[in-house]
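> Here's a sequence, model it:
(chains A and B)
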Amino acid sequence: GAVVSQHPSWVICKSGTSVKIECRSLDFQATTMFWYRQFPKQSLMLMATSNEGSKATYEQGVEKDKFLINHASLTLSTLTVTSAHPEDSSFYICSAPAGGRGDTQYFGPGTRLTVL
Amino acid sequence: AQSVTQPDIHITVSEGASLELRCNYSYGATPYLFWYVQSPGQGLQLLLKYFSGDTLVQGIKGFEAEFKRSQSSFNLRKPSVHWSDAAEYFCAVEDTGFQKLVFGTGTRLLVSP
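Below is the predicted model:
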């Protein structure tokens, strides 16, 4: 099946720094990708929809200026956590649908962010 | 707004026993429903999905789920659980027209010997 990769798989950074997370669809093109956040032992919460060639759409309550999303190509979306703080520590997961509505979405393995 | 409820946070099942994980949804139209499994270090994997047709859906790894509109439920079942099934299971509904998934809170399955 289709594969979605994420890089890095884990990252530790100091408070105030910025961290970039990459999400790639390896064997299919994705005009749309989704970014989720998962707190320990909790569900996935959608943060934003990444749209190739246009601005991302953010869910209510998600700070656009803190979580910058760029979808520069049909196989790559990036999430940059700017001026990270300890409360941003979480597990970030991306997904990409292989087709239209109802089609399987393929998930990346996730990126564990720890902000000291 | 769409929502998904998984009432069981943890479930422990003996290996070889049957399993049922509950999922209830709130959705105005015909829902697109999914079950995903999350294992440590791996991305979420789709077990099965439903959006029309036969209300009993077969998935991978021997799982099946039954859609019951009258009960707004989409419960996941497996007749005989294996130790390798221990994982976190998420039920999800797809937002109309946007492909966004709304997830339930998940059920952690523990398999005892």
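> Which phi and psi values does residue B:84 adopt?
Note on residue B:84: its backbone torsions stand at phi -70, psi -10 [degrees, to the nearest 10].
> what about it, how many neighbours?
Around residue B:84 there are 10 other residues, counting by other C-beta atoms under 10 Å in any protein chain shown. The C-beta positions use only the backbone N, C-alpha and C, and glycine is treated the same way.
> Need the residue closest to the centroid of chain A.
Closest residue to the average C-alpha location of chain A: residue A:35 at 3.6 Å, with C-alpha atoms, centre = their mean.
> Mind giving me the packing neighbours of the top strand by length along chain B?
Looking only at chain B and at elements set by DSSP state E, the strand with the highest residue count is strand B:87-94. If you count contacts as 3 or more C-beta pairs under 8 Å, 6 or more residues apart in numbering or on different chains; DSSP states H and E, strand B:87-94 packs onto strand B:3-5, strand B:33-38, strand B:73-78, strand B:101-103, strand B:107-112.
> is it possible to export these to a markdown table including distance to residue B:19?
Written out in a markdown table, the entries for the helices and strands packed on strand B:87-94 read as follows (distance: least, C-beta to C-beta, whole Å):
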| stretch | distance to residue B:19 |
| --- | --- |
| strand B:3-5 | 18 |
| strand B:33-38 | 12 |
| strand B:73-78 | 5 |
| strand B:101-103 | 20 |
| strand B:107-112 | 7 |
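> how near is residue B:87 to chain A?
With distances defined as C-beta to the nearest C-beta, to the nearest Å, the gap from residue B:87 to chain A amounts to 13 Å.
> Excluding sequence neighbours, find me the nearest residue to that residue.
For residue B:87, the nearest residue in space outside its immediate sequence neighbours is residue B:39; the separation is 4.6 Å by C-beta to C-beta, 6 or more residues apart in numbering or on different chains.
> Distance of the one residue sitting closest to the centre of chain B relative to residue A:5?
The centre of chain B sits closest to residue B:35, judged by C-alpha atoms, centre = their mean, with a distance of 3.5 Å. For residue B:35, the distance to residue A:5 (C-beta to C-beta, to the nearest Å) stands at 23 Å.
> for residue B:100, same thing?
21 Å.
> who's more crowded, these two?
Set side by side, residue B:100 and residue A:5 show unequal neighbour counts under other C-beta under 10 Å, the larger going to residue B:100 at 22 against 15.
> Find me the pLDDT at the more buried one, would you?
The pLDDT attached to residue B:100 in the predicted structure is 86.
> Those residues of chain A touching chain B, which are they?
Of all the residues in chain A, those in contact range of chain B (C-beta under 8 Å from any C-beta of the partner chain) are A:4, A:32, A:34, A:41-46, A:49, A:93, A:95, A:97, A:100-110.
> Narrow the residues you listed to just the buried residues.
For those, burial is judged from neighbour counts taken by 16 or more other C-beta atoms under 10 Å in any protein chain shown, and it is met by A:4, A:32, A:34, A:43-46, A:49, A:93, A:95, A:97, A:102, A:104-110.
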